[in-house]
Each structure stands twice: as C-alpha cells, then as structure tokens.
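Undergrad: got a predicted structure plus its sequence, pasted below:
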Amino acid sequence: MNVYGLIGYPLTHSFSKKYFTEKFERENIKNSRYELFEIREVSEVKKLVDSVKDLRGLNVTIPHKQTVMPLLDEIDAAASRIGAVNVIKISEGKLKGYNSDYYGFRESLKKFIQNSSGLRALVLGTGGAAKAVSAALDDMNISYLYVSRQKSQNALTYQDLDEKIIQQHQLIINTTPSGMYPSVNECPDIPYSLITPAHYLYDLVYNPEETLFMLNGKKQGAQVKNGLEMLYLQAEKAWEIWNQKL
C-alpha cells in the first residue's frame with residue numbers, strides 16, 4: 001500500500017484527503033491511500049517518515065513550508081529559488097523537496113486575469129505561500145509589494161495601505177490563513193472601502209468557498225477568486241512529482 005499525506009497544523013480546513021481519495025477511486029489507482037498527519041512541530045517529520053510504512057510522498061502546508069527545508073536531503077532547484085517547499089518525495093529513505101504551489105498559483109492566475117500587462121499586486125503575508133506567489137508574479141512580470149503585520153525593509157504594514165497604494169495595486173492576493181475555516185469571520189485588515197470594480201482579489205484560502213475577504217471585495221464590485229483551483233492544480237503537480245522516475 002502506497003501512502004501519501006499532508007503535514008501541517010491545524011488541518012481542519014483541508015480538502016486534500018477528499019481530493020486524493022476521490023482521485024484514486026475515479027482513476028482506479030490501486031493500493032494507494034492519502035492521510036492527514038497533523039503535526040505541530042516540524043521536527044516530528046523524520047519520526048513520521050520512520051513510523052509510517054510505505055510513505056511515498058507528503059504535501060506540506062502551514063506552518064511548515066519553510067521550516068521543513070533544513071530537514072530534507074535534497075531540494076529541487078525551483079523550490080530552492082522560491083524558498084519554500086510544499087511537496088516532499090520519499091524514495092529509499094531520502095526526502096526531496098519541491099514546490100507545486102508556484103505552478104498552481106501561476107496557472108490559476110492566468111485563467112483569472114487574461115491581460116496582466118501593467119498590473120501591480122499587493123501580496124498579503126510573507127510566509128511560504130507568499131514566496132511561491134511572488135516567484136510566479138516575478139515570472140509573469142507583475143510587480144508587487146508585500147504587506148505584513150510587522151514593518152520591514154521588504155514589507156508595508158496594513159496601516160500603510162492608503163488610497164494611493166490601493167489605487168496603484170489592482171491585484172490583491174491573500175496568502176495568509178485569515179478567514180480560513182473555522183475562523184470564517186476573520187479577514188485581512190485592508191481598507192475595503194477603497195476597493196473598486198477595477199480590482200481583482202485572489203484568496204489562497206478555499207474553505208470556506210467565499211471568504212470574508214472575497215465578500216468584502218464583491219461588495220465593492222471587484223472580481224474575486226478563491227484558492228480551490230490552485231489546490232487542484234498543485235495537487236496534480238504533486239502527484240506527477242511523486243510518480244516521476246528519478
């Protein structure tokens with residue numbers, strides 16, 4: 001039995017097990033199952049790998065996408081450039097890290113915005129998902145600014161977001177877990193009253209289907225999208241990685 005799974009904490013929001021279980025049934029993939037491994041500390045990864053027989057691959061979610069990297073035997077060049085790992089391939093006891101978030105986000109964004117020429121973005125959050133998003137934006141020639149709760153050389157704070165900044169950045173991407181189930185009444189603290197019908201709000205959160213971030217954007221006439229398509233795209237890329245020959 002080939003075992004695959006998701007590591008992170010918490011995992012109450014995740015659709016990954018449902019997605020892969022249905023995929024295995026739909027595509028008649030035998031002797032395979034997908035499990036959720038809720039681990040609070042990333043140091044538990046090695047113990048997990050040693051204890052679960054026939055573990056072939058892992059997805060990685062919040063909060064381990066960056067902290068897992070030093071524990072891996074090898075990191076794919078693209079994931080190293082991004083600075084975050086969300087896929088681990090396990091072969092002969094060796095762990096190799098990859099990033100499929102980049103692919104999932106890029107392809108999903110292309111479908112959401114057909115013409116991104118001249119577009120500028122605000123990336124809410126600075127974690128592992130934000131790193132994959134910013135790498136995709138770089139490759140699509142979309143300039144961006146990070147927004148974080150803590151001011152830094154590379155990031156604005158939410159309090160810095162004035163009318164001029166919001167007007168100049170018509171794509172706003174939430175890479176934080178704010179608004180994710182079960183905390184459905186939360187949302188990033190941006191000035192929604194300044195959002196216009198010219199704006200695009202993309203939320204990497206996919207549970208609930210419509211987050212408060214998205215609903216607030218819709219009230220202002222903005223185009224909105226959740227992260228479900230990105231989840232599906234990155235999941236298929238992960239499956240491809242787990243099954244590719246070394």
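TA: Sure thing, it's come through.
Undergrad: surely V60 and V68 touch.
TA: Yes - if you go by Cβ atoms under 8 Å, V60 and V68 touch, sitting 5.6 Å apart. C-beta here means a position set from N, CA and C on the backbone, and glycine is covered the same way.
Undergrad: which parts of the chain are helices?
TA: 16-26, 45-51, 77-82, 101-112, 128-139, 163-168, 212-219, 228-243 (DSSP state H).
Undergrad: same for the fourth one, what does it pack against?
TA: Packed against helix 101-112, as judged by 3 or more Cβ pairs under 8 Å, 6 or more residues apart in numbering; DSSP states H and E, are the following elements: helix 128-139, strand 200-203, strand 223-225, helix 228-243.
Undergrad: so what's the closest residue to W242 other than its chain neighbours scoring on pLDDT?
TA: Spatial nearest neighbour of W242, excluding adjacent residues (Cβ to Cβ, 6 or more residues apart in numbering): G57 at 3.7 Å. Looking at G57, its pLDDT is 98.
Undergrad: and G57, how many residues sit next to it?
TA: Other residues near G57 come to 22 when the count uses other Cβ atoms under 10 Å.
Undergrad: contacts only, for it.
TA: Applying Cβ atoms under 8 Å, 6 or more residues apart in numbering to G57 gives the contacts 4-5, 87-90, 238, 241-242.
Undergrad: export those residues as TSV, with columns for pLDDT, distance to K110 and neighbour count.
TA: Formatted as TSV, the entries for the contacts of G57 read as follows, by pLDDT from 0 to 100; distance: Cβ to Cβ, whole Å; neighbours: other Cβ atoms under 10 Å:
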residue	pLDDT	distance to K110	neighbour count
Y4	98	27	22
G5	98	29	21
V87	98	21	24
I88	98	27	27
K89	98	26	21
I90	97	31	19
A238	98	19	28
I241	98	21	18
W242	97	25	20
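Undergrad: coming back round to it: format the helices of the chain as a markdown table; extra columns: distance to Y202.
TA: Rendered in a markdown table, the data for these read as follows (distance: least, Cβ to Cβ, whole Å):
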| stretch | distance to Y202 |
| --- | --- |
| helix 16-26 | 20 |
| helix 45-51 | 30 |
| helix 77-82 | 18 |
| helix 101-112 | 6 |
| helix 128-139 | 9 |
| helix 163-168 | 15 |
| helix 212-219 | 9 |
| helix 228-243 | 9 |
